[in-house]
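Just to be clear, the model below is a prediction. Sequence and coordinates:
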Amino acid sequence: MLSKRSQVLGESITLAITALANELKAKGENVISFSAGEPDFDTPQIIKNAAIKAIEKGCGKYTAVAGINEVLEAIKNKLKKDNKLDYELKEIITNVGAKHSLFECIECLVEKGDEVIIPSPYWVSYPEMVKFAEGVPVFIEGLEENGFKITANQLQKAITPKTKLLILNSPSNPVGSIYSKEELTALAKVLEGTKIIVLSDEMYEKLRYDNVEFHAFASISEDALQRCVTINGLSKCGAMPGWRFGYMASKNKDLISAVKRLQGQSTSNICSITQHAAIVALNGECDADIENMRKAFEKRRNIGLEMLNKIPNINVYKPEGAFYFFVNISKIEKDSMKFCQKLLEIQKVAVVPGVGFGMEGYFRISYATSEENIKEGLKRITEFIKSYKS
């Protein structure tokens, strides 16, 4: 008999759509997949070389649960250089990807009945993690005209005596919007005087366009620093999704200790070879590779926007970061799952329905694929929408 908590978990809709698309491809179907949330670029060679060197040096042994000192130092220096954040080594821990960081934080902080504020649209895993911890997800809808971002006034109204956490994601998945310093400052002001902890998911921080600035929530004020858990990794901005390198930093040493105990009784340390490889990425030794990737994403975004904006009866937000389009199809179909299933069936294009992100009448496109795929896939979507019948 399965435990009750295991049965509350829903399947990741993005992974499910990707698996279905791959299944159709294996059968010989000409499928274009816009579902995967990972860079299509290979890991930079300098990172691979560091991993090979670590293997040759025999670095395949267990390490401390938090990580080797060299990788913790590299994280500390990265946060100081890029985000103006000062952390001690004992305030940092590496995890098996940032998804693991989030999961462990929520498990160590949330008790039955605790409320966790989640702006929507949201990354699909946030509410599932909260429910697994027997917490209560409280959703605040970010309005499209505000870049799907929540306001200080909305946050104030959502807080109750049971509020334990606020999860922020900037640049965001699935929208690509970025909170400005002024917007973050307003949210931070609302939280002053409360015990609410902020989980700031900053995975896409280096994938930004049009010179839009990024600000870490913890950098906003001393109060923000003390209440924030900064979560990041190298899956997106290091083109290392399968390497599973995430990390968290927090001034709450009790939380870091609790996460260390939980991790010590579950995964122990993250892959030792990955730790050694991550150091060169964190130190900025592959920044030129990452910048080339960012420029390619920006070009793809512009190509995609031009094509999407020509399709009648839809709206698409111009993403400032990440590599997603969040497309409003509410004028032609409210049921996003139905729309996406028909699109895959008829035109062999895989996208992710908005319902998975807490927003009906939308779907998400990942443009982490070739320009050729973007042009052909959007051509098919254009044809599909023009002849669509619900």
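In hand now; what should we look at?

Can you point out the buried residues in the helix or strand of the chain with the lowest mean pLDDT?
Ranking every helix and strand in the chain by mean pLDDT, DSSP states H and E puts helix 13-26 at the bottom, with a mean of 78. Within helix 13-26, the residues that count as buried by 16 or more other CB atoms under 10 Å are 13-14, 17-18, 20-21, 24. Glycine gets a C-beta too; all of them are placed from N, C-alpha and C.

which secondary structure elements does the helix or strand where Thr230 lies contact?
Assigned by DSSP states H and E, Thr230 belongs to strand 228-233. On a contact count with 3 or more CB pairs under 8 Å, 6 or more residues apart in numbering; DSSP states H and E, strand 228-233 meets helix 98-109, strand 197-201, strand 246-250.

Dump those to JSON lines, plus mean pLDDT, distance to Asp82 and mean neighbour count.
Output for the helices and strands packed on strand 228-233, formatted as JSON lines (pLDDT from 0 to 100; distance: least, CB to CB, whole Å; neighbours: other CB atoms under 10 Å):
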{"stretch": "helix 98-109", "mean pLDDT": "98", "distance to Asp82": "16", "mean neighbour count": "22"}
{"stretch": "strand 197-201", "mean pLDDT": "98", "distance to Asp82": "14", "mean neighbour count": "23"}
{"stretch": "strand 246-250", "mean pLDDT": "98", "distance to Asp82": "12", "mean neighbour count": "26"}
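
so where do the strands sit in this protein?
With DSSP state E as the criterion, the chain has strands at 32-33, 92-95, 115-120, 136-141, 163-169, 197-201, 228-233, 246-250, 315-316, 324-328, 349-350, 352-353, 362-366.

Direction included, what does the third one pair up with?
Strand 115-120 has these partner strands in its sheet, going by DSSP bridges: strand 136-141 (parallel), strand 163-169 (parallel).

residues in contact with the shortest one?
Taking CB atoms under 8 Å, 6 or more residues apart in numbering as the criterion, the residues outside strand 136-141 that touch it are 113-120, 122, 126-127, 130-131, 150, 154-155, 158, 162-163, 358-359.

Now it: buried residues?
Using 16+ other CB under 10 Å as the burial criterion, the residues of strand 136-141 that qualify are 136-140.

farthest pair in those?
Spatial extent of the buried residues of strand 136-141 (CB to CB) is set by the pair Val136 and Ile140 at 13.5 Å.

Redo the helices and strands packed on strand 228-233 as JSON lines? Include distance to His215.
What follows is these, written out as JSON lines (distance: least, CB to CB, whole Å):
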{"stretch": "helix 98-109", "distance to His215": "18"}
{"stretch": "strand 197-201", "distance to His215": "10"}
{"stretch": "strand 246-250", "distance to His215": "16"}
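
From the buried residues of helix 13-26, pick the one nearest Thr185.
Thr14 (31.9 Å).

Mind listing residues that contact stretch 380-390?
Residues beyond stretch 380-390 that count as contacts (CB under 8 Å, 6+ apart) turn out to be 32, 307, 310-314, 329, 332-333, 335, 338-339, 342-343, 346-349, 351.

PyMOL command for the buried members of those residues?
To isolate the buried ones among the contacts of stretch 380-390 in PyMOL, judged by 16+ other CB under 10 Å, type:
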select buried, resi 32+307+311+314+329+332+333+335+339+342+343+347+348+349+351
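
In PDB, list the C-alpha atoms belonging to the lengthiest helix in the chain.
Counting by DSSP state H, the longest helix found in the chain is helix 287-308. Below are the C-alpha coordinates for helix 287-308, written out as PDB (Å, rounded to 0.1, in the frame of the first residue of the first chain):
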ATOM      1  CA  ASP A 287      31.500  32.900 -19.700                       C
ATOM      2  CA  ALA A 288      32.200  33.400 -23.400                       C
ATOM      3  CA  ASP A 289      30.500  30.100 -24.200                       C
ATOM      4  CA  ILE A 290      27.500  31.100 -22.100                       C
ATOM      5  CA  GLU A 291      27.300  34.500 -23.800                       C
ATOM      6  CA  ASN A 292      27.300  32.900 -27.200                       C
ATOM      7  CA  MET A 293      24.500  30.700 -26.100                       C
ATOM      8  CA  ARG A 294      22.600  33.700 -24.700                       C
ATOM      9  CA  LYS A 295      23.000  35.500 -28.000                       C
ATOM     10  CA  ALA A 296      21.700  32.500 -29.900                       C
ATOM     11  CA  PHE A 297      18.600  32.400 -27.600                       C
ATOM     12  CA  GLU A 298      18.000  36.100 -28.100                       C
ATOM     13  CA  LYS A 299      18.100  35.700 -31.900                       C
ATOM     14  CA  ARG A 300      15.700  32.700 -31.700                       C
ATOM     15  CA  ARG A 301      13.400  34.700 -29.400                       C
ATOM     16  CA  ASN A 302      13.200  37.500 -32.000                       C
ATOM     17  CA  ILE A 303      12.500  35.100 -34.900                       C
ATOM     18  CA  GLY A 304       9.800  33.400 -32.900                       C
ATOM     19  CA  LEU A 305       8.200  36.600 -31.700                       C
ATOM     20  CA  GLU A 306       8.000  37.900 -35.300                       C
ATOM     21  CA  MET A 307       6.200  34.800 -36.400                       C
ATOM     22  CA  LEU A 308       3.900  34.500 -33.400                       C
END
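
Between strand 362-366 and it, find me the angle.
For helix 287-308 against strand 362-366, the angle by axes from the mean of the first three to the mean of the last three CA atoms, to 10 degrees is 140 degrees.

can you tell me which residues contact Val190?
For Val190, counting by CB under 8 Å, 6+ apart, the contacting residues are 152, 155-156, 159.

ok, Ser221 - how many residues close by?
For Ser221, the neighbour count with other CB atoms under 10 Å is 17.

Please list all residues in contact with it.
Residues near Ser221 by CB under 8 Å, 6+ apart: 185, 188.

let's have the chain start at 257 instead
Renumbered: residue one is now 257, and that last one reads Ser477.

pLDDT at it, what is it?
Per-residue pLDDT puts Ser477 at 98.

Can you tell me how far it is from Ile311?
44 Å (CB to CB, to the nearest Å).
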